[in-house]
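Q: when you get a sec, could you give me coordinates for this:
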Amino acid sequence: MIKLSVNINKVATIRNARGNNIPNVAQFAIDCEKFGADGITVHPRPDGRHIRYEDVYELKKVVTTELNIEGYPDKSFVDMVLSVKPQQVTLVPDPPNVLTSNAGWDTKKNSTFLKEIITEFNKAGIRTSIFVDTNIENILHASETGTKRIELYTEPYAANFSLDKLNAVTPFKEAALFASELGLGINAGHDLNQQNLDFFATQIPQLNEVSIGHAIISDALYLGIENVIGIYKRKLRN
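A: So this is what the prediction gives:
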């Protein structure tokens, strides 16, 4: 069964717009789990524009499925993760000023850096995933860092899905097969939505987990979060 981890960053964005605690991020996470989410994902950034470090500590107290913390592994991020000890940490190469993740790691160039960070997380019993594109060389070097999983950056698939979905998914099929042969688990995320998720899931049998935020929260404005989580879970089952 492919797991669905709901990224709740956008919920914190709405809260921060008014400077109070509505909506309550921790309660929203609890409700997502109640409605069927297999995990909760957050991506705190240095400017605190959505999820903040203090949110992460609160979420650790209430999340009963899996907490996945995404972020660039600078010292403050690493210290926070080692303190919180989530089930999974996803390492992304984002500079502080980007709006959203827009590329995977160059794992050859950053090999030593990633190995050092992942060694720390492995010692703490935290499963690590590295955000990568479908470049086979990057996946190969990712496997040499000690990471347990990779997360495939799926924006190129989403962007080309309506043009030629089979051609759009082919590099991801090849990358997932290669990663699986190396013993890596496969996560995926970025711009997956109601229209493109089920096809992606059926084409990638090695897939362990998808992390989806923007589309789920946007759909929930119309359909409600309980209905939307049910829709996405059914697409993964199909």
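
Q: mind listing what the residue nearest the centre of the chain touches?
A: Nearest to the mean C-alpha position of the chain, by CA atoms, centre = their mean, lies Ser211 at 4.2 Å. By CB atoms under 8 Å, 6 or more residues apart in numbering, the contact list for Ser211 reads Ser5, Val6, Asn7, Gly39, Thr41, Asn68, Glu70, Thr90, Glu151, Asn187, Ala188, Gly189. Every C-beta, even on glycine, is put in place using the N, C-alpha and C of the backbone.

Q: buried set for the helix or strand containing Val228?
A: Here Val228 sits within helix 225-237, counting by DSSP states H and E. If you call a residue buried by 16 or more other CB atoms under 10 Å, then helix 225-237 has these buried ones: Ile225, Val228, Ile229, Tyr232, Lys233, Lys235, Leu236.

Q: what do you get for stretch 202-218?
A: Buried residues in stretch 202-218, defined by neighbour count with 16+ other CB under 10 Å: 203-204, 206-213, 215-217.

Q: CA atoms only: put it into CSV for me.
A: The C-alpha coordinates for stretch 202-218 follow below in CSV (Å, rounded to 0.1, in the frame of the first residue of the first chain):
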residue,chain,number,x,y,z
THR,A,202,0.1,2.5,-11.2
GLN,A,203,3.3,3.1,-13.3
ILE,A,204,5.7,3.0,-10.3
PRO,A,205,5.1,-0.2,-8.5
GLN,A,206,8.1,0.4,-6.2
LEU,A,207,6.6,3.5,-4.7
ASN,A,208,6.4,3.6,-0.9
GLU,A,209,5.0,7.1,-0.2
VAL,A,210,3.8,10.3,-1.8
SER,A,211,3.9,13.7,0.0
ILE,A,212,1.3,16.1,-1.2
GLY,A,213,0.4,19.5,0.2
HIS,A,214,-0.6,22.3,-2.2
ALA,A,215,-3.1,20.3,-4.2
ILE,A,216,-4.7,18.6,-1.2
ILE,A,217,-5.2,21.9,0.7
SER,A,218,-6.5,23.6,-2.4
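
Q: start at 775 instead
A: Right, with 775 as the first residue, what we last looked at is stretch 976-992.

Q: now do it: distance to the chain's middle.
A: 9 Å (CA atoms, centre = their mean, to the nearest Å).

Q: for stretch 964-971, same thing?
A: On CA atoms, centre = their mean, the centre of stretch 964-971 falls 13 Å from that of its chain.

Q: got a list of contacts for that stretch?
A: So stretch 964-971 is contacted by 874-875, 927-929, 931-933, 935-936, 939, 974, 984, 986, 988-989, 993, 1005-1006, 1009-1010 (CB under 8 Å, 6+ apart).

Q: that older thread, and the helix holding Val1002, what does it pack against?
A: With contacts taken as 3 or more CB pairs under 8 Å, 6 or more residues apart in numbering; DSSP states H and E, helix 999-1011 sits against strand 777-781, helix 799-808, helix 971-977, helix 988-997.
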